[in-house]
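Visitor: Following is a predicted model, sequence given first.
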Number of protein chains: 2
Amino acid sequence: MRLFYDPNIDKNNTQFTLSEEESKHAVRVLRLSEGDHIGLMNGRGFLFSCEIAEAHPKRCLLNIVETNFEAPDPDVIHIAVAPTKQMERIEWFVEKAVEIGVTKITLLDCKNGERAKIKLDRLEKKAISAMKQSQRKYLPEIDDLTKFNDFISKYPTGLIAHCYDGEKSTFSEVFAKTNCPILIGPEGDFTLEEVKHALDKGYKTITLGKNRLRTETAALYACMNAKMTLDR
Amino acid sequence: MRLFYDPNIDKNNTQFTLSEEESKHAVRVLRLSEGDHIGLMNGRGFLFSCEIAEAHPKRCLLNIVETNFEAPDPDVIHIAVAPTKQMERIEWFVEKAVEIGVTKITLLDCKNGERAKIKLDRLEKKAISAMKQSQRKYLPEIDDLTKFNDFISKYPTGLIAHCYDGEKSTFSEVFAKTNCPILIGPEGDFTLEEVKHALDKGYKTITLGKNRLRTETAALYACMNAKMTLDR
């Protein structure tokens, strides 16, 4: 069943009109017509089985036939990462992290960061298509660029991966299932001041192995480490 | 230090001439000149510190100043995966898997596979640049398309990930450190016959979680699961 997404639909709807973009996709691109069935997700646990009542290319009208709800997973996987210079690399990370099961992504504005701003809508598009593709019922939250210190103030405990010397724990030793953001720095790494600030607040240093990883690889590895630890 | 790669250099060399391609890259692109120092890897554990003796754009001559050798890691991470229809997705997998520490990649020719042949040289280029980038001293082997049954005959035990029902183990329960290839199928999954054949031979079924993963995501997740299990 073809999957569509609209955050505005909820369990009280009996009919729903797709957005202009999704209507166009359904009617013009996929050539769906009256009577065809589609699935509609709201990214908050609901999947609605719908029948197309009016195949309008701008205002496709749906009758909701069946409603399914999946309770949220109590586990949290929150990755806070400095966006890469190449947009495609961070887009790729978002796609893969959503497939695996990330629940929240924050883009970190660090001293050595390579981006002053980011096209959040492009990342959200990637997240939505990955959510559909992996059949997840929840759309992860993606926070816009957040200053490093502001993030630490908001989340005073978590894990931080950096390349400086010092005592480091392996992921599974210190990962906590809830409210445990994992911080991944830019190509130039966090500054010593940033690391010290995080550790002073209560962060723990983790190692992601001895190979030097690109930012997006480290971020995905952290996400997969978390997923594997939670699934064990 | 700029890193270069040539499989033909070994510890007996005192001088070495870079290939035409690497010479062009060093002299024309990077504009390196006589007296500059570079690192040269052979993908088999050696890193040679070299000084440019003659900055010839086609036959750059190097004096070998110092030789370093890193013993191979005894651990094996062997991923056998059906290549994706989009070449860039399997190229992406190769880049990330090499960064993480894969030691061998086999491209599987499966019943539901989407590629009859593959540009192996492009994958090798990706592997080489990822090896340099992650500062690994060993270049993973990449086997060309191998028929599923031939692979099973050659490697009669290992792990297989598929989407059919039945008893499945989590990765860490059954992953063996050596000689344990992990099989990842095409978008259309392995056929039941392929799965049965592998299980009859002695393969074990693993689950990679409940989310539906793309082929390249599943392959990388398996690789990262292996790495995390080995590093624990």
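Guide: Now that the structure is in, tell me what you want to look at. Numbers count the residues shown, from 1 in each chain, chains lettered A, B, ... in the order given.

Visitor: Pick out the residue nearest the middle of chain A.
Guide: Centroid-nearest residue in chain A: A:Pro140, 4.1 Å away (criterion: Cα atoms, centre = their mean).

Visitor: do you know how far that one is from A:Cys110?
Guide: Noted for A:Pro140: a distance of 21 Å to A:Cys110, by Cβ to Cβ, to the nearest Å. Using the backbone N, CA and C atoms, a C-beta is placed for each residue, glycine as well.

Visitor: Okay, strands next: where are they in chain A?
Guide: Taking DSSP state E to define them, one finds strands in chain A at A:3-5, A:15-17, A:37-41, A:46-54, A:61-69, A:78-81, A:104-109, A:141-147, A:159-161, A:169-170, A:182-184, A:204-207.

Visitor: among those, where is the model least confident on average?
Guide: For those, the weakest mean pLDDT is recorded on strand A:169-170, namely a mean of 87.

Visitor: who does that one touch, helix- and strand-wise?
Guide: On a contact count with 3 or more Cβ pairs under 8 Å, 6 or more residues apart in numbering or on different chains; DSSP states H and E, strand A:169-170 meets strand A:204-207.

Visitor: Give me the sheet partners of the strand it packs on and which way each runs.
Guide: Strand A:204-207 has the following strand partners under DSSP bridges: strand A:159-161 (parallel), strand A:169-170 (parallel).

Visitor: Residue numbers of chain A in contact with chain B?
Guide: Taking Cβ under 8 Å from any Cβ of the partner chain as the contact definition, chain A meets chain B at A:92, A:96, A:99-101, A:133-136, A:170-172, A:209, A:211-214, A:217, A:220-221, A:224-225, A:227-228, A:231-232.

Visitor: Narrow these to those in helices?
Guide: Using DSSP state H, the subset of the residues of chain A next to chain B located in helices is A:92, A:96, A:99-100, A:133-134, A:171-172, A:217, A:220-221, A:224-225, A:227-228, A:231.

Visitor: Can you say which of the strands paired with strand A:204-207 is packed in most?
Guide: Among the strands paired with strand A:204-207, strand A:159-161 has the highest mean neighbour count (mean count of other Cβ atoms under 10 Å in any protein chain shown), at a mean of 23.

Visitor: Distance from the chain centre to it, please.
Guide: Chain-centre distance of strand A:159-161: 18 Å, with Cα atoms, centre = their mean, to the nearest Å.

Visitor: List the contacts of A:Gly188.
Guide: If you count contacts by Cβ atoms under 8 Å, 6 or more residues apart in numbering or on different chains, A:Gly188 has them with A:Asn112, A:Glu114.

Visitor: any idea how far A:Glu114 is from it?
Guide: Distance from A:Gly188 to A:Glu114, counting by Cβ to Cβ: 8 Å.

Visitor: What pLDDT does the model give the residue nearest to the centre of chain A?
Guide: On the pLDDT scale, A:Pro140 gets 97.

Visitor: quick one, what contacts it?
Guide: A:Pro140 touches A:Ala97, A:Val98, A:Val102, A:Thr103, A:Lys104, A:Ile105, A:Ala127, A:Met131, counting by Cβ under 8 Å, 6+ apart.

Visitor: again, only using 7 Å
Guide: For A:Pro140, the contact set (Cβ atoms under 7 Å, 6 or more residues apart in numbering or on different chains) comprises A:Val98, A:Val102, A:Thr103, A:Lys104, A:Ile105, A:Ala127.

Visitor: what residues go with each domain of chain A?
Guide: Domain segmentation of chain A under automatic domain parsing yields A:2-69, A:78-231.

Visitor: and those domains, which is most packed in?
Guide: A comparison of the domains of chain A by mean neighbour count, using mean count of other Cβ under 10 Å, puts domain A:78-231 on top with a mean of 19.

Visitor: How far does that one stretch from one end to the other?
Guide: Across domain A:78-231, the terminal residues are separated by 16 Å (Cα to Cα, to the nearest Å).

Visitor: So what's the gap between it and the chain middle?
Guide: On Cα atoms, centre = their mean, the centre of domain A:78-231 falls 10 Å from the chain's centre.

Visitor: what about the residue nearest to the centre of chain A, distance to A:Glu124?
Guide: Distance from A:Pro140 to A:Glu124, by Cβ to Cβ: 10 Å.

Visitor: And for A:Ile184?
Guide: With Cβ to Cβ as the criterion, A:Ile184 and A:Glu124 are 20 Å apart.

Visitor: before we move on, what about A:Thr146?
Guide: A:Thr146 is 16 Å from A:Glu124, by Cβ to Cβ.

Visitor: same question, A:His197
Guide: From A:His197 to A:Glu124 the distance is 30 Å (Cβ to Cβ).
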